[in-house]
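Q: structure of the sequence below:
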Amino acid sequence: MNDRQYDPYAPQVQLVGYDEYGRPVYQQVQPQQQAYDPYAQPQDPQQQQQGYGYDQTYVPQQSTYDPYAQQQPQQTQQFPQQQPAQFPQQSYGRDYGTAQRPPVQAPPAQEPTREAQGAPVLPQQRRDEHGDGGERDYRTEQFSFIEEPDEDSEDVIDWLKFTESRSERREEAKRRGRNRVVALVVALALVAVGGVGYLWFAGKLPGLSSSSDKKNGGATTAGPQKRDVIVVHLHNTKAGGTSTALLVNNVTTKQGTTVLLPNSLAVSNDDGSRTTLGKSVDADGSQGTRDSLSTLLGTKITGTWRLDTPYLENLVDLVGNIDITTDADVPGAKQGGDPLVKKGDDQTLTGQMAVAYATYRGPGEAETKQLQRFGAVMYGVLRKISDDPKAATVTVQTLAQILDPSLPESDLGASLAKLAEHAKIGAYKTAVLPVQPDGTLSQQAGDSVVKDVLGGQLGGGSDQGSAVRVGVKNASGNSKAAEAARVALINGGYAFVDAGSSGTEATSQVLYADGAQKAKAVEVAKTLGLPDSAVKQGKAAANADVSVVIGKDYKAPQ
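A: Below is the predicted model of the structure:
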């Protein structure tokens with residue numbers, strides 16, 4: 001701050017308040033003046049003793065004002081009345097600007113204002129005393145300004161950018177929302193179409209299911225069906241003998257079936273020679289018998305489960321006994337005592353009782369009677385075993401039996417669990433494969449079991465890569481002719497299926513049921529040395545791709 005020259009005659013300024021705009025209002029205080037007589041003698045003796053004298057002509061000198069100097073009591077003197085000076089309003093208390101205050105200049109002589117007269121000044125009165133039209137005439141040197149137009153402009157620009165970006169974000173959010181709605185509608189439409197398509201394919205749409213679908217519990221039977229088939233051999237370790245059954249899980253129709261196979265069923269050995277199922281189980285073992293059954297029945301058997309009677313007893317005990325309907329009294333170990341198993345409905349059997357009933361064959365009874373009892377015990381076990389694959393596998397592991405490599409514990413447990421699922425809801429049945437006295441399959445077997453249950457189709461074709469199955473029926477009256485045909489077919493790479501014998505036919509025939517099998521039928525005829533005229537479309541055996549009827553005209557190829 002620059003020092004100012006102090007004027008003792010200048011009026012003093014005092015802050016008295018703030019106007020309506022918040023600006024400070026000052027009031028000028030007139031210092032007391034005394035009449036000055038330059039010719040008067042000093043009255044204070046001390047001043048004379050100090051050696052200070054006064055010139056006859058008094059010329060007051062301006063002294064430098066020190067605001068921090070010690071103030072001395074002011075001498076009361078009389079000075080001539082002077083016109084009060086008009087000062088621009090300034091703030092001495094604090095500095096409101098960054099620019100330097102201009103030096104105080106004496107305004108031109110004018111009429112004293114209300115401020116000079118010591119009266120309070122109101123804002124309206126101040127506006128009336130300054131400027132034209134009631135507005136005060138402010139000069140730029142009276143104020144210091146802090147210019148902030150750039151910052152205000154930036155704030156406005158930022159606000160505009162913010163509102164613009166917020167609008168864009170709002171529009172973008174709306175667009176995303178519309179896109180989501182459209183995507184959801186499209187997804188729902190696709191799901192609806194897919195669901196309707198699936199119901200149509202499955203034959204579950206109202207009014208579109210065929211009568212055959214209704215007969216099979218509402219599941220479609222059109223087209224190829226997926227089946228899981230395992231063969232189980234029950235070995236009687238005490239009395240000897242075996243009992244064989246196929247456990248079939250139809251994945252497509254969600255149906256389970258136990259197909260009981262008589263031991264008299266004619267099957268082929270590895271060399272194509274004829275044997276029975278009972279002998280094959282004892283001689284060829286599990287794999288040979290499984291392959292023979294697959295060829296004979298035209299279905300793929302995935303594994304073999306050898307179940308000896310002690311393991312069946314343990315299995316029944318593990319599942320907590322079984323409840324079945326029995327058709328005969330089974331005598332106990334004590335002759336003449338109470339039967340071990342009583343005839344009746346809902347009989348509870350322990351493991352020992354279940355083995356006795358499954359292997360029982362009364363005097364003079366057919367083999368099928370014993371097979372049906374074995375099937376009843378298997379159905380009771382499946383109703384009690386868990387339908388959870390893991391739990392069923394634990395049950396199999398608890399038996400601690402040595403399983404065939406074709407069917408490990410996890411696979412057997414999973415198969416039993418699926419069959420148990422069907423058995424618990426009643427979607428399960430038991431059927432005996434009918435055979436003729438010579439062990440061959442009858443036409444009834446082909447229609448009711450091989451075709452419907454096992455999936456063997458008339459001319460349905462073998463699995464890709466497997467040998468073509470050729471069923472041979474001897475109608476020549478000569479057993480050597482049938483044997484010659486068998487050897488020729490096996491040497492030609494075909495799978496021989498013994499269809500038994502019947503009356504006599506004059507001419508030989510090669511039959512195929514499906515037009516897709518015609519080429520195979522022609523090749524079979526060439527292998528047997530038969531002319532192309534012997535190939536005809538007709539009713540073939542259910543368990544064969546091509547059927548051959550050996551007539552009297554047949555001559556074995558040389």
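Q: neighbours around residue 14, how many?
A: The tally of other residues near residue 14 (other C-beta atoms under 10 Å) stands at 12. All C-beta atoms are positioned from the backbone trio N, CA, C, and that covers glycine.
Q: let me know the helix or strand that it is in.
A: With elements delineated by DSSP states H and E, residue 14 resides in strand 12-18, which encompasses its position.
Q: name the strands paired with that strand and say parallel or antiparallel.
A: Take DSSP bridges as the rule and strand 12-18 pairs in its sheet with strand 24-29 (antiparallel).
Q: which phi and psi does the residue found closest to residue 339 once you drop the neighbours it is linked to in the chain have?
A: Excluding its sequence neighbours, the residue lying closest to residue 339 (C-beta to C-beta, 6 or more residues apart in numbering) is residue 329, at 4.0 Å. Main-chain dihedrals, residue 329, degrees, to the nearest 10: phi -80, psi 130.
Q: ok, the helix or strand containing residue 547: who's next to it in the sheet?
A: Here residue 547 sits within strand 546-550, counting by DSSP H and E. Each strand pairing with strand 546-550, determined using DSSP bridges, is listed with its direction: strand 469-474 (parallel), strand 509-512 (antiparallel).
Q: which of those sits most buried?
A: Per residue and on average, the most neighbours among those fall to strand 469-474, with a mean of 26 (mean count of other C-beta atoms under 10 Å).
Q: average pLDDT for that one?
A: For strand 469-474, the mean pLDDT works out to 86.
Q: grab the nearest non-local neighbour of residue 250.
A: If the residues on either side of it in the chain are set aside, residue 250 comes closest to residue 227, at 5.3 Å by C-beta to C-beta, 6+ apart.
Q: please name the residues that touch that neighbour.
A: By C-beta atoms under 8 Å, 6 or more residues apart in numbering, residue 227 lies in contact with 248-252, 299, 454-455.
Q: which of these fall in strands?
A: In strands, judged by DSSP state E, the following of the contacts of residue 227 are found: 248-250.
Q: any chance of TSV for those residues, columns distance to residue 20, neighbour count and pLDDT?
A: Formatted as TSV, those follow (distance: C-beta to C-beta, whole Å; neighbours: other C-beta atoms under 10 Å; pLDDT from 0 to 100):
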residue	distance to residue 20	neighbour count	pLDDT
248	105	23	94
249	99	23	94
250	100	23	92
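Q: if we can go back for a sec, residues contacting the residue nearest to residue 339?
A: Taking C-beta under 8 Å, 6+ apart as the contact definition, residue 329 lies against 339, 341-343.
Q: follow-up on the earlier one: make JSON lines out of the strands paired with strand 546-550 and add distance to residue 499.
A: As requested, these are arranged in JSON lines below (distance: least, C-beta to C-beta, whole Å):
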{"stretch": "strand 469-474", "distance to residue 499": "4"}
{"stretch": "strand 509-512", "distance to residue 499": "11"}
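Q: closest one to residue 527 among those?
A: When these are compared for distance to residue 527 using C-beta to C-beta, the nearest one is strand 469-474, at 8.7 Å.
Q: next secondary structure after that closest one?
A: Stepping forward along the backbone from strand 469-474, the first helix or strand reached (DSSP H and E) is helix 479-491.
Q: ok, residues contacting that next one?
A: For helix 479-491, the surrounding residues in contact (C-beta under 8 Å, 6+ apart) are 271-272, 470, 472, 474, 476, 496, 498, 501, 524, 527-529, 548, 550, 554, 556-557.
Q: list the buried ones in it?
A: Residues of helix 479-491 classed as buried: 481-490 (neighbour count, 16 or more other C-beta atoms under 10 Å).
Q: of all the residues you listed, which two lie farthest apart?
A: The most widely separated members of the buried residues of helix 479-491, counting by C-beta to C-beta, are 481 and 490 (15.4 Å).
Q: what about the strands in the stretch 351-500 of the chain?
A: For the stretch 351-500 of the chain, strands defined by DSSP state E, counting those that start in this stretch occupy the ranges 428-432, 469-474, 495-501.
Q: strand partners (parallel or antiparallel) of the first one?
A: What that stands for is strand 428-432. In the sheet containing strand 428-432, the strands it pairs with under DSSP bridges are strand 255-261 (parallel).
Q: other SSEs contacting the very next helix or strand once past the partner strand?
A: Along the chain past strand 255-261, the next helix or strand (assigned with DSSP H and E) turns out to be strand 266-268. For strand 266-268, the elements it packs on are strand 274-276, helix 277-283, helix 285-297, strand 495-501, judged by 3 or more C-beta pairs under 8 Å, 6 or more residues apart in numbering; DSSP states H and E.
Q: now the terminal residues of stretch 271-287, how far apart.
A: By C-alpha to C-alpha, to the nearest Å, the extent of stretch 271-287 from end to end equals 14 Å.
Q: average pLDDT across that stretch?
A: The average pLDDT for stretch 271-287 rounds to 82.
Q: cool, and stretch 348-357?
A: For stretch 348-357, the per-residue pLDDT values average out at 96.
Q: same check, this time on stretch 535-542
A: Averaged across stretch 535-542, pLDDT comes to 81.
Q: residue 421 against residue 388, yeah?
A: No. Counting by C-beta atoms under 8 Å, residue 421 stays clear of residue 388, with 9.3 Å between them.
Q: who has more neighbours out of these two?
A: Neighbour count, other C-beta under 10 Å: between residue 421 and residue 388, residue 421 has more, with 19 against 14.
Q: relative to residue 187, how far out is that one?
A: As judged by C-beta to C-beta, to the nearest Å, residue 421 and residue 187 stand 32 Å apart.
Q: try residue 334
A: 73 Å.
Q: swap in residue 289?
A: Applying C-beta to C-beta, the value for residue 289 to residue 187 is 53 Å.
Q: so which of the two has more stuff around it?
A: Taking other C-beta under 10 Å, residue 289 and residue 187 do not tie; residue 289 has more neighbours (26 against 10).
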